[in-house]
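> Could you look at this predicted model? Sequence included:
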Amino acid sequence: MISIKDAVDQLAVREQLQQRMMHDALAAYRQAVEQTQLHVFGLFPRAGQAQQTAVRQTLQQLDASPPAFAATVEPWSAALRNFAQDAETSRAHDLAMVRELLTILSRAAEDSKGQAHASTAGFEKLSHNLEQLSTAPDFETLREGLSHHIGDLRAYVVQIVADHERSTSRLTSETASFESRVAELEALAATDPLTGIGNRRAFETALASALASGMNFSLLMFDLDGFKGINDRLGHDAGDQVLCHFARALREAIRSQDLAARLGGDEFIVLLHCPLDGALRRGTQILQRLERRHEITLNGRSLPVPIRASIGVVEHRNGEDSTVLLRRADEAMYAVKRRRKAALE
């Protein structure tokens, strides 16, 4: 027969196991939310941006003490359903644009065909009239007939030129409109929806281009210091504002030929078309910009927030692939972060 003490001990162990299981489940759930936000919502930025409020609310509830675990399930499920519907709409919109271009090209071909047919008919009629005119009974009738038919010939030529110009103008206008909309979609696909700078896809494209060019370039890898503390103390909306302030500092400090991108979370990267010494100077300028006063809006009030970052600066070496280069940048950045942390202890 089990003693009261053993029963109490078993209950305590069981409670600890349950708490551990709940903690692990909560951590897995939170990771799933973050990974979905980072990797899935980024596939359709416009649809993902519409769900940012639901994402922030879900993460805030999961970070609460005690966490409102069950209360997040339905809103998060709704966010996923809404994203799926919006993504399908976006995909259908892209498909419709392609079909629109095909229609434009088909219409242009049809216009050309119609113009050719009309021109052929006009010239055939002119030839027939000239044949009849050749049997004119006197010179005066022949002269008048030729004068009239020369006028017809000029009218045919003017009409053909005008029709061609209208068709060409319409095709040019419609194609320009289509190209503008395609460019807009491409820009959205390469933009981080929160900060407005490049996303991981844009950086990977720029990095591949830089590697293929064979020219000198460098990377600045950034990680915000104390960012988790801002999220924990002030909430994810405050954290998002901090990310936008930092992105603005990057954008203001680089040239048009360089690229600033958010890789995810509070990790950013800058690709500079310059050697190491120039990259070090640019990194110093960015850190100096962070020393300015930064304010966020929280519950209708302005609140000053310090923004600090650790930076790793590396220059691409001949023959080095993207994996090795990024690993060196990451290691350089975390070496700086460790030194800062040790200096504060």
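Everything's here; your move.

> ok, the nearest residue to G226 once chain neighbours are set aside - contacts?
Take G226 and drop its neighbours on the chain: the residue closest to it by C-beta to C-beta, 6 or more residues apart in numbering is R308, 6.8 Å away. No exception for glycine: its C-beta is placed from N, CA and C like everyone else's. Applying C-beta atoms under 8 Å, 6 or more residues apart in numbering to R308 gives the contacts L224, D225, G226, L290.

> what's the most distant pair in those residues?
G226 and L290 (12.4 Å; C-beta to C-beta).

> which of those two has more neighbours?
L290 (18 against 15; other C-beta atoms under 10 Å).

> how close does that one sit to L250?
Distance, L290 to L250, using C-beta to C-beta, to the nearest Å: 10 Å.

> Can you get me a residue count around A54?
20.

> Quick check, pLDDT for it.
On pLDDT, A54 comes in at 77.

> Just the element for it, please.
helix 52-63 (DSSP states H and E).

> thinking again about what came up before, I'd like the contacts of R308 as TSV, with pLDDT appended.
Below are those laid out as TSV (pLDDT from 0 to 100):
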residue	pLDDT
L224	94
D225	92
G226	90
L290	90
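
> and which of the residues you listed is nearest A54?
L224 (23.7 Å).

> ok so, going back, next up, phi/psi of the residue nearest to G226, please.
phi -130, psi 150 (degrees, to the nearest 10).

> and it, what pLDDT?
92.

> just the one 4 residues further on next, same as before
At G312, the pLDDT value in this model is 96.

> Quick check: it is in a strand.
Yes - using DSSP: H, G, I helix; E, B strand; the rest coil, the assignment for G312 is a strand.

> List the buried residues for the strand or helix carrying I286?
Assigned by DSSP H and E, I286 belongs to helix 276-290. Residues of helix 276-290 classed as buried: A279, L280, R282, G283, I286, L287, R289, L290 (neighbour count, 16 or more other C-beta atoms under 10 Å).

> all strands of the stretch 201-345 of the chain, in order?
218-224, 259-264, 267-272, 295-298, 301-304, 309-315 (DSSP state E, counting those that start in this stretch).

> re earlier: now do the residue nearest to G226 against D277, distance only.
Distance from R308 to D277, by C-beta to C-beta: 24 Å.

> about what we covered before: return the member of the contacts of R308 nearest to Q35.
L224 (19.6 Å).

> so what's that closest one up against?
V242, L243, F246, D266, I307, R308, A309.

> List only buried entries from the residues you listed.
V242, L243, F246, D266, I307, A309.

> among the residues you listed, which are in helices?
Among these, DSSP state H puts V242, L243, F246 in helices.

> Isn't the last one up against A309?
By that I understand F246. Yes - using C-beta atoms under 8 Å, F246 is in contact with A309, at 6.9 Å.

> For these two, list the residues in contact with both.
Counting by C-beta under 8 Å, 6+ apart, the residues touching both F246 and A309 are F222, L224, F268, L290.

> Make JSON lines out of those and add distance to A206.
Formatted as JSON lines, the shared contacts of F246 and A309 follow (distance: C-beta to C-beta, whole Å):
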{"residue": "F222", "distance to A206": "16"}
{"residue": "L224", "distance to A206": "22"}
{"residue": "F268", "distance to A206": "14"}
{"residue": "L290", "distance to A206": "23"}
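
> farthest pair in those residues?
Spanning the widest gap among the shared contacts of F246 and A309 are F268 and L290, at 11.8 Å by C-beta to C-beta.

> Domain boundaries for this protein, per the record?
4-89, 97-189, 200-344 (automatic domain parsing).

> Compare these and say which comes out lowest on pLDDT.
Ranked by mean pLDDT, the domains of the chain end with domain 97-189 at the bottom, a mean of 60.

> what's the overlap in contacts for F268 and L290?
F246, A309.

> what about the helices in the chain?
Under DSSP H, the chain gives helices at 4-35, 45-49, 52-63, 73-133, 139-189, 200-213, 227-234, 236-253, 276-290, 322-344.

> got a list of contacts for stretch 201-216?
Everything outside stretch 201-216 that qualifies as a contact, by C-beta under 8 Å, 6+ apart, is 42, 189-191, 198, 217, 259, 261, 263, 269, 271, 273-275, 315-316, 321-322.

> Return the residues in contact with K337.
Here K337 is in contact with D223, D225, S310 (C-beta under 8 Å, 6+ apart).

> again, 7 Å this time
Neighbour list for K337: D223, S310 [criterion: C-beta atoms under 7 Å, 6 or more residues apart in numbering].

> Can you tell me how far it is from I311?
Separation of K337 from I311 (C-beta to C-beta): 9 Å.

> do R339 as well
12 Å.

> The two: which has the busier surroundings?
Between R339 and I311, counted using other C-beta under 10 Å, I311 has the larger neighbour count: 21 against 10.

> So what sits opposite the more buried one in the bridge?
The partner list for I311 in beta bridges (DSSP bridges) reads F222.

> what separates it from Q241, distance-wise?
Counting by C-beta to C-beta, the gap from I311 to Q241 is 21 Å.

> Good, we can wrap up now.
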